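Colleague: coords please:
(chains A and B)
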Amino acid sequence: GAGVSQSPSNKVTEKGKDVELRCDPISGHTALYWYRQSLGQGLEFLIYFQGNSAPDKSGLPSDRFSAERTGGSVSTLTIQRTQQEDSAVYLCASSLGGRFTDTQYFGPGTRLTVL
Amino acid sequence: AQTVTQSQPEMSVQEAETVTLSCTYDTSESDYYLFWYKQPPSRQMILVIRQEAYKQQNATENRFSVNFQKAAKSFSLKISDSQLGDAAMYFCAYRSYGGSNYKLTFGKGTLLTVNP
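Modeller: Next up is the predicted model:
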């Protein structure tokens, strides 16, 4: 079946604008994860969804970042009032469940550039 | 908190030869999982191999194998008969067995170049 898909592939925005990044997980996967990959910080965990709920939002770097998941499927990561330090690749992953035994499958990411 | 360290920012290998990528980690937990992910220029992270900490036997997947030294907290990846398609960034990752067992903690990565 299809893998994890993310859109857009690349996004260029101006400082201060809001952006929405979309993740479509593998069908049937109940767990969904967002990570951020930046030059300075490497790969960082942002948020985890089990179904539509997010038990752990501790990785979100500021209150400008929010995420939601509807229908236990598609997730949207929203960044408000973007800053240059938000420039990074945002990766989404999904797994069958949230158990430690479940492999996380990653999407190709969205490269965000804030000018 | 767990940390993962990859001390080799870049490595190179000749096609058909063997290369070993290093990874060390710090944890107070006794049960956990370790992973090697590959990220080619397409950005898609691909799972290469995984190791359960409670297993003494080293994991193997075709040309990829690991040397897991639990006491030393070391988890190296050996790639045999290197191929041009192996060129990528390789990330070592840790996942807890309990508690925050849903998230992966990654190292900074090792960029592998394969020379023809």
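Colleague: In its sheet, which strands sit next to the worst-scoring helix or strand of chain A on mean pLDDT, and in what direction?
Modeller: Ranking every helix and strand in chain A by mean pLDDT, DSSP states H and E puts strand A:53-56 at the bottom, with a mean of 82. Strand A:53-56 sits in its sheet next to strand A:42-50 (antiparallel), going by DSSP bridges.
Colleague: Chain A against chain B: which residues are in contact?
Modeller: A:3, A:31, A:33, A:35, A:42-43, A:45, A:48, A:50, A:56, A:59, A:89, A:91, A:93, A:98-100, A:103-109, A:111 (CB under 8 Å from any CB of the partner chain). C-beta: built from backbone N, CA, C; applies to glycine.
Colleague: Would you mind writing the PyMOL command to select the buried ones in the residues you listed?
Modeller: A single PyMOL command suffices to select whichever of those are buried according to 16 or more other CB atoms under 10 Å in any protein chain shown:
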select buried, chain A and resi 31+33+35+42+43+45+48+50+56+59+89+91+93+98+100+104+105+106+107+108+109+111
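Colleague: out of the residues of chain A next to chain B, which are inside strands?
Modeller: Secondary structure defined by DSSP state E assigns A:31, A:33, A:35, A:42-43, A:45, A:48, A:50, A:56, A:89, A:91, A:93, A:105-106, A:111 of the residues of chain A next to chain B to strands.
Colleague: where's the dip in pLDDT among those residues?
Modeller: Within these, the minimum per-residue pLDDT falls on A:Asp56 (81).
Colleague: Identify each buried residue in whichever strand or helix holds B:Phe91, please.
Modeller: Of the helices and strands defined by DSSP states H and E, B:Phe91 is found in strand B:88-96. Counting neighbours by 16+ other CB under 10 Å, one finds that the buried residues in strand B:88-96 are B:Ala88, B:Met89, B:Tyr90, B:Phe91, B:Cys92, B:Ala93, B:Tyr94, B:Arg95, B:Ser96.
Colleague: Can you pull out the low-pLDDT segments for chain A?
Modeller: Within chain A, the set of residues satisfying pLDDT under 70 comprises A:1, A:98-101.
Colleague: who in chain B is up against chain A?
Modeller: B:33, B:37, B:42-47, B:50, B:91, B:95-98, B:100-109.
Colleague: give me every residue that touches the residue nearest to B:Gln44 when sequence neighbours are not counted.
Modeller: Counting by CB to CB, 6 or more residues apart in numbering or on different chains, A:Pro108 is the residue found nearest to B:Gln44 once chain neighbours are left out, at 4.8 Å. Taking CB atoms under 8 Å, 6 or more residues apart in numbering or on different chains as the definition of contact, the neighbours of A:Pro108 are A:Ser5, A:Gln6, A:Ser9, B:Ser42, B:Arg43, B:Gln44.
Colleague: pretty sure the first one is touching A:Asp24, no?
Modeller: Right, A:Ser5. Yes. Using CB atoms under 8 Å, A:Ser5 is in contact with A:Asp24, at 4.5 Å.
Colleague: Now do the shared contacts for the two.
Modeller: In the contact map built from CB under 8 Å, 6+ apart, the residues linked to both A:Ser5 and A:Asp24 are A:Gly107.
Colleague: So which of those two has more stuff around it?
Modeller: Taking neighbours as other CB atoms under 10 Å in any protein chain shown, A:Ser5 and A:Asp24 compare with A:Asp24 leading, 18 against 15.
Colleague: That one against A:Val74, yeah?
Modeller: Yes. A:Asp24 lies in contact with A:Val74 (CB under 8 Å); the separation is 5.4 Å.
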